[in-house]
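[1] Here's my sequence, what's the structure:
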Amino acid sequence: MKTNGKAFVMLGASASEPDIQYATGFLAPDPVAVWRRPDGAVFLLVSGMEYGRAMRQARDCTVVSMDSLGLGRYRMSPLSLQLAAALRVQGIREIETPPGFPLVAFERLRAFGIKAKTAQISPFSAARQVKSPAELAAIRASQKAARAAERALGAAIRACEADRSGILMLGGKPFTSERARALVRAQLLMRGAMDFEGSIVAGGAQAADPHEQGSGPLRSGELIVADIFPRSLDSGYWGDMTRTFHHGRLSRERRQILRTVAEAQKLGLGMVRPGVTGSEVHAAVARFIAGKLRPNWRDPDDESRVFGFMHGLGHGVGLEIHEEPRLSPTGREPLCPGMVVTVEPGFYDPVLGGARIEDTVVVTETGCEIL
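    The predicted model follows:
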């Protein structure tokens, strides 16, 4: 019998498709197919090889294979063809797909007589913003790994000595951004996490570019931004934490930058609570930084030289390192308890360097809690 409404269909590896992992709890490197029927029931289609493991590990969904559906003749067919056959067996004739759905599969479904169109929003997007206790525990574990790595990096910087040119030396060798990242990665791996996107350890002028990973020797008297965002190898949930270090004395201007960023983060943390929008928090922090230091400014003689606080104050963290909700000019929906966001003000000066301080927090009934 033909179902009413449209099913939402996803195809891909759950390890790289957060909605698939969220909908099924099944983490696998190989592609699977998932559909959510109009009545809310979720189905996970896997190969015969993965069927047993999926039956044990998947949650809140029905696990099926070609054999379990009585479609053994499609057992060796491409997954998109298996998906089309499975949908027809269940009487599903109209579907919506996420924007990244494979074109070949999209056309194959249509060839099977299934009406398909791209959805504007995933039915899982709103639910994913509010974390369950189990999700919060997974994010806390990633944050614990990030904090351990930050502490180890801080200890290494304190143990350094500066040579005559100001280069930090550790164990008789220059302490470089590359060495720092290797130290960070080792700390994360010891705790079951990995910096898949590559941690940032950037000093001096490099720290003035928010996403510059950093390279070469770190120096005394300069600001060193360390942004560590590990993903748990077990749960797939991310953490995110940034600290700004320095070795030796800072100039008055650099101290002012660091002090202002710390005060700005305190302001932002104090504003995060239910009912407040991300854009309101961002705007207040941006005004504070502009008033204390300077408004955003681009050098007319060199447009690559940008001064100020030029990024959003924060973003959601979960199965993606950057997800909804946003603490930025686009964050117009009110925050609510259970949402997890970063609060990461920064200030960047191509001459003096940059500073950023970031914590990941969960919105509570009365404010927020640093994870």
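[2] sec struct for R294, please.
    Three states are possible here, and by DSSP: H, G, I helix; E, B strand; the rest coil the one that applies to R294 is coil.
[3] again, but for M169
    In three-state terms, and counting by three-state DSSP, M169 is strand.
[4] Which strand residues bridge it?
    For M169, the residues forming beta bridges with it (DSSP bridges) are E161, P174.
[5] Domain boundaries for the chain, per the record?
    Residue ranges for the structural domains of the chain, counted by automatic domain parsing, are given in the record as 7-123, 129-370.
[6] could you redo those as CSV and give each row mean pLDDT and mean neighbour count?
    C-beta: built from backbone N, CA, C; applies to glycine. Converted to CSV, the domains of the chain look like this (pLDDT from 0 to 100; neighbours: other CB atoms under 10 Å):
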stretch, mean pLDDT, mean neighbour count
domain 7-123, 92, 17
domain 129-370, 95, 19
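[7] S77 sits in which helix or strand?
    Per DSSP states H and E: S77 is located in neither a helix nor a strand.
[8] State the distance from it to P98.
    Note on S77: its distance to P98, by CB to CB, to the nearest Å, is 23 Å.
[9] Next: A182.
    A182 sits 37 Å away from P98, going by CB to CB.
[10] Please name the residues that touch A134.
    With contacts taken as CB atoms under 8 Å, 6 or more residues apart in numbering, A134 has no neighbouring residues.
[11] Assumed it was part of a helix.
    Yes. A134 forms part of a helix when assessed by three-state DSSP.
[12] hang on, V261 packs against G346?
    Yes. With contacts counted by CB atoms under 8 Å, V261 reaches G346, the gap being 6.1 Å.
[13] okay, and the common contacts of these two?
    In contact with both V261 and G346: 355-357, using CB under 8 Å, 6+ apart.
[14] Now M241. Its backbone dihedrals?
    phi -150, psi 140 (degrees, to the nearest 10).
[15] OK, contacts around it?
    Neighbour list for M241: 143, 146-147, 150, 227-229, 358-360 [criterion: CB under 8 Å, 6+ apart].
[16] Those residues in strands, which ones?
    Among these, the residues falling in strands (DSSP state E) are 227-228, 359-360.
[17] F26: which of these is nearest?
    Within the ones in strands among the contacts of M241, proximity to F26 (CB to CB) peaks at T360, which comes in at 25.4 Å.
[18] residue contacts, the closest one?
    Residues 139, 143, 239-241, 317, 340-342, 370-371 are the ones in contact with T360 under the rule CB under 8 Å, 6+ apart.
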